[in-house]
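Q: Pasting a predicted model and its sequence here:
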Amino acid sequence: MSQKRSQEINGSMDSIERFLDAMWMERGLSENTLAAYRADLQNLAKWAQGVEREVETLARDDILEFLAWRVQQGARPRSTARQLSSIRRYFRYLVREGRRSDDPSSDIEMPRLGRPLPKSLGESEVEALLAAPEVEKPLGLRDRAMLELLYATGLRVSELVSLRLDQVNLRQGVIRINGKGERERLVPLGEESQAWLQRYVEEGRSGILGGRQSPFLFPTRRSEHMTRQAFWHIIKRYAQRAGISRGLSPHTLRHAFATHLLNNGADLRVVQMLLGHSDVSTTQIYTHVARERLKSLHEEHHPRG
């Protein structure tokens with residue numbers, strides 16, 4: 001290790017110790033609390049060392065990357081929340097002391113604790129649901145294309161029903177989404193949903209419109225975009241036809257998209273980008289869904305499960 005790099009690491013650790021001294025003097029924190037701060041910030045400093053950065057110079061994206069790495073190592077939401085709280089206190093201290101002009105952690109959302117696990121479907125249940133519409137009819141072809149697109153992309157239902165034709169590039173196989181906070185993202189379609197969309201646009205859409213014009217990809221017979229409530233009724237009807245009796249939510253296929261990606265080895269940050277989450281802490285809940293699925297498979301199939 002170079003002398004310069006060694007000095008940077010020592011400087012990071014010194015900065016953390018100065019922060020802990022300030023917390024002890026100003027707030028009279030207990031040894032246990034200080035030890036927790038020290039462990040959290042030393043973890044951050046060691047991670048920063050691995051990416052050849054000094055902890056005091058980290059940017060918002062660096063902190064998000066660190067938190068994502070922690071999640072991939074198995075950190076739970078409560079642990080992530082505590083870690084982020086320590087990081088916030090540290091950077092507020094740096095700003096107050098004039099060592100930084102900004103706090104890169106200030107607008108990072110805390111993980112939501114105590115949230116129920118999202119309901120999801122198994123892959124065979126999804127296949128049954130997708131096969132339920134009668135694709136010989138224009139409305140059935142539209143519904144099949146909508147279900148395929150929802151499962152292939154993980155769109156929010158509000159994003160799906162308001163999707164316009166000019167947001168879809170079938171030649172390149174991507175759609176452009178303006179999500180929450182006007183954040184734009186490009187989402188790949190996948191071959192299956194791309195094929196169903198192509199068939200729907202060529203064979204079904206004009207039959208629904210009956211000569212009228214509409215900017216929306218999935219219009220109603222009145223050439224307007226479908227409401228979320230109307231699409232929710234469609235999902236419930238096809239779930240009943242597919243023999244799926246347990247309760248579903250409007251985001252069931254979005255949850256299935258995320259869970260099945262993680263079950264099959266996708267990176268958490270990739271799933272975060274596809275879902276349009278601003279912070280990985282929101283995506284983190286799906287790791288628990290995937291973990292529960294793996295546990296149930298182990299119990300079912302392993303001789304000592």
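A: Here it is on my side, so go on. Numbers count the residues shown, from 1 in each chain.

Q: The closest residue to residue 244 other than its chain neighbours: which element?
A: Spatial nearest neighbour of residue 244, excluding adjacent residues (Cβ to Cβ, 6 or more residues apart in numbering): residue 125 at 5.6 Å. All C-beta atoms are positioned from the backbone trio N, CA, C, and that covers glycine. Assigned by DSSP states H and E, residue 125 belongs to helix 123-130.

Q: ok so, going back, how close does the residue nearest to residue 244 sit to residue 243?
A: 9 Å (Cβ to Cβ, to the nearest Å).

Q: These two: which has the busier surroundings?
A: Comparing residue 125 with residue 243 by other Cβ atoms under 10 Å, the one with more neighbours is residue 125, at 18 against 10.

Q: Residue 248 is in contact with that one, correct?
A: No - at 9.8 Å, residue 125 does not count as touching residue 248 under the criterion of Cβ atoms under 8 Å.

Q: State the helix or strand in which residue 240 lies.
A: Going by DSSP H and E, residue 240 is in helix 228-241.

Q: by how many degrees do that helix and helix 123-130 diverge?
A: Orientation of helix 228-241 against helix 123-130 (axes from the mean of the first three to the mean of the last three Cα atoms, to 10 degrees) gives an angle of 110 degrees.

Q: May I see the buried residues of helix 228-241?
A: Within helix 228-241, the residues that qualify as buried are 231, 232, 234, 235, 238, 239, counting by 16 or more other Cβ atoms under 10 Å.

Q: separation between the nearest residue to the third one once chain neighbours are set aside and residue 55?
A: In space, and not counting its chain neighbours, residue 234 is closest to residue 143: 5.8 Å by Cβ to Cβ, 6+ apart. Separation of residue 143 from residue 55 (Cβ to Cβ) stands at 52 Å.

Q: ditto for residue 23
A: Taken as Cβ to Cβ, the span from residue 23 to residue 55 is 16 Å.

Q: and stretch 54-62, C-alpha only, in CSV?
A: Extracted as CSV, the C-alpha positions of stretch 54-62 are listed here (Å, rounded to 0.1, in the frame of the first residue of the first chain):
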residue,chain,number,x,y,z
GLU,A,54,-11.7,8.8,1.4
VAL,A,55,-14.8,8.7,3.6
GLU,A,56,-15.1,12.5,4.0
THR,A,57,-15.3,12.9,0.2
LEU,A,58,-18.0,10.4,-0.5
ALA,A,59,-21.0,11.6,-2.7
ARG,A,60,-24.6,10.6,-2.5
ASP,A,61,-24.3,7.9,-5.2
ASP,A,62,-21.3,6.4,-3.2
